[in-house]
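J.: Show me how the following folds:
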Amino acid sequence: MTRTAPLLAGALSVASLLLMLLISNPVDADPQEYKALIIISDYEGTDDHELEKGIAFHDYLIKNGYHDDEIIFLTSEDVACMDDNVTIENINEAFQWLIDEGKQKTDVNVYISDNSHNIHTQSYYQFSDGTVNCSDIVSWIDQIDYNTLNYITLGNHSGWFGPQLVGENRVVISSMREHEESFVDRFNITRSLEDPTADTDCDGKVSFVEAFYKEEQLLIRYDQHPVLWCP
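T.: Purely as a prediction, here's the structure:
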């Protein structure tokens, strides 16, 4: 009895540990997943400044848990992170990829720059081979299964898109107001995402909302007014 008791106690201890591990990490639980779509417009030529910001955002995602195969980068310029040319067909396919691959635990980031327009209350993006209506983007995003979704749209009049894209667990950010124009779009979400001083709740990480407010402060002197929509 004196030898059996310790063995039994040890076995029970191991069994309890395994049970706790199964409860905290169930075998069939979906792991955290990431998906991102970055589009840099080629309408009337690619803006080098916007391309640099798009690349910086791509690199930020890679440094924060994303893999190359979890990001689609569309641009017409020959850069290392480019996946394909920015065409209407490729944009459609990229959003379909988000729809097909999205899961309840997927964090999604959509980053589009720039050339947004509005005619008679119809908002759209202009690319060299055609346009993509905001209504189509809203329809696609509504079909994505996600945990959180950040939608960043840059360029003149980019504020047109925000009210239409508002939804549950979505953060929508535009670099300017609806009627605003600027020769240089100084909004750079990556700059503030990487700035520790933007972490206002002191939790050790900068959220997209915190980064927005940091950018808003930085752009006051340039009279540029980014806009935020979130739950």
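
J.: Show me the helices in the protein, by range?
T.: Under the criterion DSSP state H, the chain contains helices at 4-24, 48-63, 88-101, 134-142, 162-165, 189-193, 208-219.

J.: what number of residues lie near residue 231?
T.: By the measure other C-beta atoms under 10 Å, the count of residues near residue 231 is 8. Bear in mind the C-beta positions are built from the backbone N, C-alpha and C, glycine included.

J.: ok, back up a step: kindly present the helices of the chain as JSON lines, with separate columns for mean pLDDT and mean neighbour count.
T.: Shown next, in JSON lines, are the helices of the chain (pLDDT from 0 to 100; neighbours: other C-beta atoms under 10 Å):
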{"stretch": "helix 4-24", "mean pLDDT": "48", "mean neighbour count": "10"}
{"stretch": "helix 48-63", "mean pLDDT": "97", "mean neighbour count": "18"}
{"stretch": "helix 88-101", "mean pLDDT": "97", "mean neighbour count": "16"}
{"stretch": "helix 134-142", "mean pLDDT": "95", "mean neighbour count": "16"}
{"stretch": "helix 162-165", "mean pLDDT": "92", "mean neighbour count": "17"}
{"stretch": "helix 189-193", "mean pLDDT": "98", "mean neighbour count": "21"}
{"stretch": "helix 208-219", "mean pLDDT": "98", "mean neighbour count": "19"}
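
J.: Distance to residue 34 for the ones you listed - can I get that in a markdown table?
T.: What follows is the helices of the chain, written out as a markdown table (distance: least, C-beta to C-beta, whole Å):
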| stretch | distance to residue 34 |
| --- | --- |
| helix 4-24 | 22 |
| helix 48-63 | 7 |
| helix 88-101 | 10 |
| helix 134-142 | 16 |
| helix 162-165 | 20 |
| helix 189-193 | 15 |
| helix 208-219 | 14 |
